[in-house]
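J.: Below are the sequence and a predicted model for it; my questions follow.
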Amino acid sequence: HVQLVESGGGSVQAGGSLRLSCAASGYIYCMGWFRQAPGKEREGVATIYTFPHSTYYADSVKGRFTISQDNAKNTLYLQMNSLKPEDTAMYYCAAVRRGGCYLVPEAYSYWGQGTQVTVS
């Protein structure tokens, strides 16, 4: 069983930046960031596949967010720049146990507790 712990959320003004971190208890070949705003469904933000290295972003964050990982530390990151009020949500780190690396919640077996991001 993999444990995921997010950190780095907070409140920021529009146009600002935040960096989220997710510490994993072990190596994961595919991890992703998801978010869920009140009254809305959970949506994929970005995913990263370790080998071969590849990343995928939702259109809404492309060019503003960057997903990365430090394999030595088993840590996933999400650098968020040019934040907008519509980015306000609870952000979750997730990991795939087996199968493809897709940006849909159903593909992920392990989830963190979430970290709140508020953009005003």
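T.: Structure received.

J.: Count residues in the vicinity of Gln3, would you?
T.: Using other Cβ atoms under 10 Å as the criterion, Gln3 is surrounded by 12 other residues. All C-beta atoms are positioned from the backbone trio N, CA, C, and that covers glycine.

J.: tell me the pLDDT at it?
T.: Confidence at Gln3, expressed as pLDDT, is 95.

J.: Quickly find the element holding the residue most central in space within the chain.
T.: Centroid check for the chain by Cα atoms, centre = their mean gives Trp33 as the closest residue, at 1.9 Å. Assigning secondary structure by DSSP states H and E places Trp33 in strand 30-36.

J.: what helices or strands is that strand leaning on?
T.: Secondary-structure packing of strand 30-36 (3 or more Cβ pairs under 8 Å, 6 or more residues apart in numbering; DSSP states H and E): strand 18-24, strand 43-49, strand 65-70, strand 75-80, strand 89-95.

J.: Please name whichever of the ones you listed is nearest to Cys101.
T.: strand 43-49 (4.4 Å; Cβ to Cβ).

J.: Give me the packing partners of the helix or strand just after that closest one, helices and strands only.
T.: Next in sequence after strand 43-49, counting helices and strands by DSSP H and E, comes strand 54-57. In this structure, strand 54-57 packs against strand 43-49, strand 65-70, with contacts taken as 3+ Cβ pairs under 8 Å, 6+ apart.

J.: looking just at contacts, which helices and strands does the last one meet?
T.: So the one you mean is strand 65-70. strand 30-36, strand 43-49, strand 54-57, strand 75-80.

J.: List of residues touching the last one?
T.: The reference is to strand 75-80. By Cβ atoms under 8 Å, 6 or more residues apart in numbering, the residues outside strand 75-80 that reach it are 17-24, 31, 33, 45-46, 48, 61, 64-70, 87, 91, 93, 117.

J.: try 7 Å this time
T.: 17-24, 31, 33, 46, 64-69, 87, 93 (Cβ atoms under 7 Å, 6 or more residues apart in numbering).
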